[in-house]
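Novice: Make a model of this:
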Amino acid sequence: MKVGSGFGGTWLTKVAEQAQDAEAMGYDFASTPETQHDSILAATIAAASTKKLGIQTSVTIAFPRSPTVLAMEAWDIQHLSEGRFTLGLGSQVKGHNQHRFSVEWTVGAATRMKDYIRMMRAVWESFKTGQKPDYVGKTYHFTLMTPNFNPGPIAFPDPKVGLACVGDAMARVAGECADVVMPHGFMTDKYMRDVVLPNVAIGLKRSGRDWKDIEITGGGFTVFAETESEIEQGLERLRQPISFYGSTRSYHEVFEVHGLKDLGMQLHSLSLEGKWDEMKRVIPEDVLRVFAQTSTYDKLPEFIRDHREYASRISIGAPTRTPEEKERAKHILAEVQKIQTPGVPRGMEAAATA
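Specialist: Residues are numbered from 1 along each chain as shown. As a prediction, the model looks like this:
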């Protein structure tokens with residue numbers, strides 16, 4: 001099991017130290033978000049500041065960027081990191097694309113994302129071979145590259161492409177085109193198994209691939225802590241992200257699987273009124289338990305074997321404020337890294353060998 005931590009999400013002056021701390025702790029990879037700061041800039045600093053830590057964006061918002069520009073940036077980070085970079089892509093919802101990034105919304109997000117990833121791979125192929133590009137997709141095309149603008153090949157594989165997904169269509173694209181499937185945090189175990197993983201399987205079949213050809217990150221909200229009391233506190237902190245993501249209608253499919261569509265619409269209405277604090281308060285206690293799976297650190301290996309058998313990657317965090325906490329965190333990390341999972345969702349074993 002590859003175990004991840006995080007860095008970034010803050011001013012760039014702190015990124016190098018955060019990435020170096022993750023490497024010193026023994027994490028296999030660390031991810032940077034793209035909320036208030038640019039993920040590509042943070043990933044570049046982390047790559048330059050570390051020697052063996054996998055560097056991942058989680059996620060880089062794709063559509064406001066040209067696929068050629070992002071392919072070039074990823075190529076440079078892959079070279080800088082000596083092959084340690086995973087470009088995690090996300091589509092973001094329609095409203096943010098149109099009104100925050102001022103990007104046209106022409107075709108469906110999944111259709112466009114498939115086109116985007118294929119074009120990036122075409123750019124990398126051109127960098128490697130120098131051949132004239134001839135990619136023409138539904139939204140993007142890449143038919144011009146001259147030696148003056150071609151950085152040339154690098155001594156490392158192409159950057160891995162991760163894809164964040166919530167709905168069925170994007171899950172199919174992840175299975176068809178991505179190297180790493182990155183389920184969105186706004187996810188339940190039931191939704192993951194009923195919707196996401198079956199559609200990833202459809203995408204794998206379309207591309208002639210199998211479960212062994214991709215990596216899957218353990219999905220959904222989790223609360224891991226030393227004691228049950230600390231777990232309860234962690235559940236309370238989830239009110240904010242659940243209410244925030246749950247207010248977006250694009251994510252209401254997750255609510256619908258659990259018969260909670262009315263709650264989603266209530267959150268949406270409150271968000272339109274700017275009542276962010278009230279949104280947190282309307283989340284019932286039992287809904288927190290529906291969304292978040294929990295485990296104490298002592299039982300974490302058992303939890304992962306029982307509930308994340310499909311995953312080869314997982315992100316965990318433990319407090320490291322004191323020397324004692326840091327040693328405890330290193331022990332937990334090492335125990336999780338020992339876990340070997342089949343990497344195939346339970347109940348889909350037959351399809352994996354078909």
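
Novice: in the stretch 251-354 of the chain, which spans are helices?
Specialist: Taking DSSP state H, counting those that start in this stretch as the test, the helices found in the stretch 251-354 of the chain are 252-257, 261-272, 276-281, 285-291, 300-307, 323-337, 349-353.

Novice: so Pro64 is in which element?
Specialist: Secondary-structure assignment from DSSP states H and E places Pro64 in no helical or strand segment.

Novice: contacting residues around it?
Specialist: Neighbour list for Pro64: Asn97, Phe101, Val103 [criterion: C-beta atoms under 8 Å, 6 or more residues apart in numbering]. Where C-beta positions appear, they are placed from N, C-alpha and C, glycine not excepted.

Novice: Over to Phe85?
Specialist: Contact analysis of Phe85 by C-beta under 8 Å, 6+ apart lists Ala43, Ala47, Gly54, Ile55, Gln56, Ala74, Ile77, Gln78, Pro159, Lys160.

Novice: So what sits opposite the third one in the bridge?
Specialist: Under DSSP bridges, the beta-bridge partners of Gly54 are Phe29.

Novice: out of everything not next to it in sequence, what's closest to Arg206?
Specialist: The shortest distance from Arg206 to any residue other than its chain neighbours is 4.9 Å, reached at Glu176 (C-beta to C-beta, 6 or more residues apart in numbering).

Novice: and the closest residue to Gly8 other than its chain neighbours, what is it in contact with?
Specialist: Taking C-beta to C-beta, 6+ apart, and ignoring the residues beside it in sequence, Gly8 has Thr32 as its nearest neighbour in space, at 3.2 Å. With contacts taken as C-beta under 8 Å, 6+ apart, Thr32 has the following neighbours: 6-9, 15, 39, 42-43, 46, 55-58.

Novice: Sort out which of those residues are in helices and list them.
Specialist: Per DSSP state H, helices hold the following members of these: Val15, Ser39, Ala42, Ala43, Ala46.

Novice: Nearest to Gly343 among the contacts of Pro64?
Specialist: The shortest gap between Gly343 and any of the contacts of Pro64 belongs to Asn97, at 33.1 Å (C-beta to C-beta).

Novice: Just give me the neighbour total for the closest one.
Specialist: Neighbour count of Asn97, defined by other C-beta atoms under 10 Å: 20.

Novice: could the contacts of Pro64 go into CSV alongside pLDDT and distance to Arg65?
Specialist: Listed next are the contacts of Pro64 as CSV, based on pLDDT from 0 to 100; distance: C-beta to C-beta, whole Å:
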residue, pLDDT, distance to Arg65
Asn97, 95, 11
Phe101, 97, 9
Val103, 95, 9
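
Novice: burial measure for Glu232, as a count.
Specialist: Should you count by other C-beta under 10 Å, Glu232 turns out to have 13 residues around it.

Novice: Where does it sit, in terms of helix or strand?
Specialist: Glu232 is part of helix 228-237 when elements are defined by DSSP H and E.

Novice: Mind listing what's buried along that helix?
Specialist: For helix 228-237, the neighbour count (16 or more other C-beta atoms under 10 Å) marks Glu230, Ile231, Gly234, Leu235 as buried.

Novice: Mean confidence (pLDDT) on stretch 175-190, please.
Specialist: In this model, stretch 175-190 carries a mean pLDDT of 94.

Novice: Straight-line length of it, end to end?
Specialist: Distance between the boundary residues of stretch 175-190 (C-alpha to C-alpha, to the nearest Å) amounts to 19 Å.

Novice: Same question for stretch 186-203.
Specialist: The separation between the terminal residues of stretch 186-203, taken as C-alpha to C-alpha, is 21 Å.

Novice: Would you mark the buried spots in it?
Specialist: By neighbour count, and taking 16+ other C-beta under 10 Å as the criterion, the buried residues in stretch 186-203 are 186-189, 191-193, 195-201, 203.

Novice: Likewise for stretch 89-99?
Specialist: For stretch 89-99, the neighbour count (16+ other C-beta under 10 Å) marks Leu89, Gly90, Ser91, Gln92, Val93, Lys94, His96, Asn97 as buried.

Novice: picking that back up, which one of the ones in helices among the contacts of Thr32 is nearest to Leu270?
Specialist: Taking C-beta to C-beta as the measure, Ser39 is the one of the ones in helices among the contacts of Thr32 closest to Leu270, at 29.2 Å.

Novice: For His258, see how far away the closest one is.
Specialist: According to C-beta to C-beta, to the nearest Å, Ser39 and His258 sit 31 Å apart.

Novice: quick one, which of those two is more surrounded?
Specialist: With neighbours defined as other C-beta under 10 Å, Ser39 and His258 compare such that Ser39 has more, 23 against 14.

Novice: how close does that one get to Glu232?
Specialist: To Glu232, Ser39 is 32 Å away according to C-beta to C-beta.

Novice: Alpha carbons of stretch 59-68, as CSV, please.
Specialist: The C-alpha atoms that make up stretch 59-68 are tabulated as CSV, following Å, rounded to 0.1, in the frame of the first residue of the first chain:
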residue,chain,number,x,y,z
VAL,A,59,-6.2,18.2,-8.1
THR,A,60,-5.2,20.6,-10.9
ILE,A,61,-8.2,22.2,-12.5
ALA,A,62,-8.0,21.2,-16.2
PHE,A,63,-10.3,23.3,-18.3
PRO,A,64,-9.0,26.8,-17.5
ARG,A,65,-5.6,25.6,-18.8
SER,A,66,-4.6,24.7,-22.4
PRO,A,67,-3.8,21.0,-22.5
THR,A,68,-0.5,21.8,-24.3
